[in-house]
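Chemist: Build me a model:
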Amino acid sequence: MFALALQERILQLNSRLCLGLDPRPEKHRSFEDLEVHTLEVLEACADTVACVKPQLAFFEALGLPGMALLERVCAQARALGLPVILDGKRGDIGSTAEAYARAWLGGAHAGSALTVNPYLGFETLLPFVHEARAQGGAVFVLVRTSNPGSGDLQNLEAGPARVAERVAREVARLGLEEGEGPSSVGAVVGATRPDELAHYRALMPQATLLLPGLGAQGADPAALAPAFLPGGVGAVVSASRGIQYADPQLSVRAAQQAAEGFRQALNAALAD
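Modeler: This next block holds a predicted model:
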């Protein structure tokens, strides 16, 4: 099961860091250089991070070669023992949702988990949840995202609660279907919202939280402790550009050092 495997890796490596991979062709001389750099960063950081999060948009933008690279990234991550969260924010209705779920939670280019969008209605989450459970994987539902404009919808009042809180309660309800322990239904809550982390942690006590925003988006590792459960589990914090492109000269060693710096900063926050 994804959530338990991730928890074990967090404790084994003493790392709550998620490596985001967003390969950007403008940073490289050729596709071949981009491919080598992406795979080398993954391998160099493997012992420093709890999981890896390829952002599908950057691979899709590269066309068929990008999709082939995604398969190599997933295969290498599996060989290194790294859980894979595909950041695709998929969401649709009926058979289309089922097809998305099959595509990204099973097969050669699939991850162990997938980010999903609940804003077409909660029933559209079910194909993803069912497929994740069948594959021993997970979904991460967008609850309170890190972008500046997220409040346009997520902060709207929906009866006695905000929209984001309604989504959080649905994540919690789906988790209760599995009994006690970490759930296969996790949530995305932005690391750029430190004042809200304790609230969403309380709303979703069984959910693994994926906290994007470390690095280029400016989230402060010292402010993220409220997202975690006792023992320093229950959440991972994602950094992408701040690791993969930490050095303008594309030094892989610099990427590894950046990852180690984030890892230590997160651990220090939990130790305080």
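Chemist: can you give me the strands for the stretch 1-150 of the chain?
Modeler: Here the stretch 1-150 of the chain has its strands, by DSSP state E, counting those that start in this stretch, at 17-21, 51-54, 85-90, 113-116, 138-144.
Chemist: so can I have a markdown table of those showing mean neighbour count and distance to residue 30?
Modeler: Backbone N, C-alpha and C define where each C-beta goes, glycine included. A markdown table is the format used below for the strands of the stretch 1-150 of the chain (neighbours: other CB atoms under 10 Å; distance: least, CB to CB, whole Å):
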| stretch | mean neighbour count | distance to residue 30 |
| --- | --- | --- |
| strand 17-21 | 26 | 18 |
| strand 51-54 | 26 | 20 |
| strand 85-90 | 24 | 25 |
| strand 113-116 | 28 | 30 |
| strand 138-144 | 27 | 33 |
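Chemist: Throw those into TSV and include mean pLDDT, thanks.
Modeler: As requested, the strands of the stretch 1-150 of the chain are exported to TSV (pLDDT from 0 to 100):
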stretch	mean pLDDT
strand 17-21	98
strand 51-54	97
strand 85-90	96
strand 113-116	97
strand 138-144	96
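Chemist: how about those, which one is nearest residue 238?
Modeler: strand 17-21 (4.1 Å; CB to CB).
Chemist: Mind giving me the packing neighbours of that closest one?
Modeler: Counting contacts by 3 or more CB pairs under 8 Å, 6 or more residues apart in numbering; DSSP states H and E, strand 17-21 is packed against helix 31-45, strand 51-54, strand 209-214, strand 235-239, helix 241-244, helix 252-271.
Chemist: Nearest to residue 6 among these would be which one?
Modeler: Per CB to CB, nearest to residue 6 of the helices and strands packed on strand 17-21: strand 51-54, 6.0 Å.
Chemist: so how far is that closest one from its chain's centroid?
Modeler: Chain-centre distance of strand 51-54: 7 Å, with CA atoms, centre = their mean, to the nearest Å.
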